[in-house]
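*Asks:* Generate coordinates for the sequence data below:
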Amino acid sequence: MVDIVDHDDNVLYQCTRKEMRAQVLRHRAVFIAVVNSAGELLIHQRSAMKDLWPSWWDLAVGGVVSAGEGYDDAALRELDEEVGIAGVPLVELGVGTYSDEEVSLVGRCFMVKYDGPLVLRDGEVVAIEWVSQNDLMQRLAERDFLPDSKALVLPALQKILK
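*Replies:* Coordinates of the predicted model:
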């Protein structure tokens, strides 16, 4: 179940994820940029099994916030599930909204600094790559990246990456 929210992030009601996707209902999502001590960003390719933008690349780990779940808890859960990162402090990058013909959301963006091992736990991530800012710009030109991550996370990242 997911919380359906208005533009100001007030919960209106709850429904299934399937219903939310089918009707393109506004929901909550988290985006977590993972940056290492060299100033590189972790990008990843999504599984072909994803219900939205399968096999596309993403700038941030993250996903849909479950009904009743807090943004911080969702961010920590997604980090652990997708890339095996636990016990790191979240730095908030901001909150924003994103909508297109396929998705509508209120997103909270975070960053974590991490240099440890990565474990692709849940099968949602199939490839990972550490990139510098120059490499990131090249990858963005060459590959399909999630538009919500580009809109919400990329502006903050460009101030952080070397």
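*Asks:* When you work out contacts or count neighbours from here on, use the C-alpha atoms and nothing else.
*Replies:* Noted.
*Asks:* Direction included, what does the strand or helix carrying residue 63 pair against?
*Replies:* Secondary structure assignment for residue 63, by DSSP states H and E: strand 61-64. The pairing partners recorded for strand 61-64 under DSSP bridges are strand 26-35 (antiparallel).
*Asks:* Give me the distance from the partner strand to the chain's centre.
*Replies:* For strand 26-35, the separation from the chain centroid amounts to 4 Å (computed by C-alpha atoms, centre = their mean, to the nearest Å).
*Asks:* Can you tell me how far residue 44 is from residue 59?
*Replies:* 7 Å (C-alpha to C-alpha, to the nearest Å).
*Asks:* With neighbour numbers in mind, choose between these two.
*Replies:* Applying other C-alpha atoms under 10 Å to residue 44 and residue 59 shows that residue 59 carries more neighbours, namely 25 against 22.
*Asks:* so what's that one up against?
*Replies:* Listed by C-alpha atoms under 8 Å, 6 or more residues apart in numbering, the contact partners of residue 59 are 33, 41, 42, 43, 44, 145, 146, 149, 150, 153, 154.
*Asks:* same check, this time on residue 94
*Replies:* 108, 109, 110.
*Asks:* and the closest residue to the second one other than its chain neighbours, what does it touch?
*Replies:* Pointing back at residue 109 there. Distances taken as C-alpha to C-alpha, 6 or more residues apart in numbering place residue 31 nearest to residue 109, at 4.7 Å, with adjacent residues excluded. Contact partners of residue 31, counting by C-alpha under 8 Å, 6+ apart, are 60, 61, 62, 63, 75, 107, 108, 109, 110, 149, 153.
*Asks:* any idea which of those residues is closest to residue 132?
*Replies:* residue 60 (14.4 Å; C-alpha to C-alpha).
*Asks:* how far does stretch 111-122 stretch from start to finish?
*Replies:* 21 Å.
*Asks:* That stretch: which residues count as buried?
*Replies:* Of the residues in stretch 111-122, 111, 112, 113, 114, 120 count as buried by neighbour count, 16 or more other C-alpha atoms under 10 Å.
*Asks:* coming back round to it: could you report the separation of the residue nearest to residue 109 from residue 12?
*Replies:* For residue 31, the distance to residue 12 - C-alpha to C-alpha - is 22 Å.
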